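S.K.: sequence first, then the predicted structure:
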Amino acid sequence: MTKIYKRPFLEIMTFQFVIDSLIMIFSIWVICKYIIFSGTLVDYAAWIALGILSPGILAVWYSIIGKYFYIILHPDRIVVQNFFLPFFRVSRNYREINKVRFWMPTPTQWGIESIEIAKVGKKRGGLFLGIFMVNPNDYHEIVSALESKGVKVDVFKNLSHREYREVHKKIRRGEL
């Protein structure tokens, strides 16, 4: 049976969400008005400027949109899907997962709860995906469901920066 762990949209409406939305709208407006639709993309210098600015703009956009993921547990796989961009998802079968790490919160990331899924044969997972859309009361249920499927789960809560660095070093060395 498929279980979706997602909180209602109105629960995430915070001051930080409003600020993030304004940053997104402002950056899109600046790019469209001053770079794309201004007619300045007629010479090579403008194309080079757009090429230089694009990675920074994409990083800002990912740092905003990358926080709003939720978790779907299927009988055979886990899916971590973005709320705003549903096509942006990570899906893994339980048998190809080495370990799932929950960081509550991650000290060096956004300061919100994150998930890291490590595949078999890898020491580390891929991206840290912010699971801000998951209700914090559901974490215990998610962990127990994953452990019942045979997945190893680590939960790191309220680590200081020093503790996070030590845990991160152990993960890189393959000790955790």
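M.R.: Received, thanks.
S.K.: average pLDDT for the longest helix anywhere in the chain?
M.R.: In the chain, with assignment by DSSP state H, the single longest helix is helix 44-65. Regarding helix 44-65, the rounded mean pLDDT is 75.
S.K.: hmm, who's touching the helix or strand just after it?
M.R.: As assigned by DSSP states H and E, the chain's next helix or strand after helix 44-65 is strand 69-73. With contact meaning CB atoms under 8 Å, 6 or more residues apart in numbering, strand 69-73 is reached by 2-7, 78-83, 115, 129-134, 142, 145-146. From N, CA and C alone the C-beta is placed, and that goes for glycine too.
S.K.: hmm, back to that, in the longest helix of the chain, which residues are buried?
M.R.: I64, I65 (16 or more other CB atoms under 10 Å).
S.K.: packing partners for that helix?
M.R.: helix 15-31 (3 or more CB pairs under 8 Å, 6 or more residues apart in numbering; DSSP states H and E).
S.K.: what sits up against the helix it packs on?
M.R.: Residues outside helix 15-31 that contact it (CB under 8 Å, 6+ apart): L53, I57, V60, W61, I64, I65.
S.K.: try 6 Å this time
M.R.: With contacts defined as CB atoms under 6 Å, 6 or more residues apart in numbering, helix 15-31 is touched by I64.
S.K.: ok, which stretches of this structure are helices?
M.R.: 15-31, 44-65, 139-148, 161-173.
S.K.: can you redo these as JSON lines with distance to K99?
M.R.: Converted to JSON lines, these look like this (distance: least, CB to CB, whole Å):
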{"stretch": "helix 15-31", "distance to K99": "30"}
{"stretch": "helix 44-65", "distance to K99": "24"}
{"stretch": "helix 139-148", "distance to K99": "10"}
{"stretch": "helix 161-173", "distance to K99": "9"}
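S.K.: among those helices, which is nearest I97?
M.R.: Each of those was scored for nearness to I97 using CB to CB, and the closest is helix 139-148 (8.5 Å).
S.K.: what residues of the closest one count as buried?
M.R.: Here helix 139-148 shows Y139, I142, V143, A145, L146 as buried, counting by 16+ other CB under 10 Å.
S.K.: could you dump these to JSON lines with distance to F102 and pLDDT?
M.R.: Shown next, in JSON lines, are the buried residues of helix 139-148 (distance: CB to CB, whole Å; pLDDT from 0 to 100):
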{"residue": "Y139", "distance to F102": "7", "pLDDT": "89"}
{"residue": "I142", "distance to F102": "8", "pLDDT": "91"}
{"residue": "V143", "distance to F102": "7", "pLDDT": "91"}
{"residue": "A145", "distance to F102": "13", "pLDDT": "92"}
{"residue": "L146", "distance to F102": "10", "pLDDT": "91"}
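S.K.: grab the most central residue of the chain for me.
M.R.: What sits nearest the mean C-alpha location of the chain, by CA atoms, centre = their mean, is L129, with 2.0 Å.
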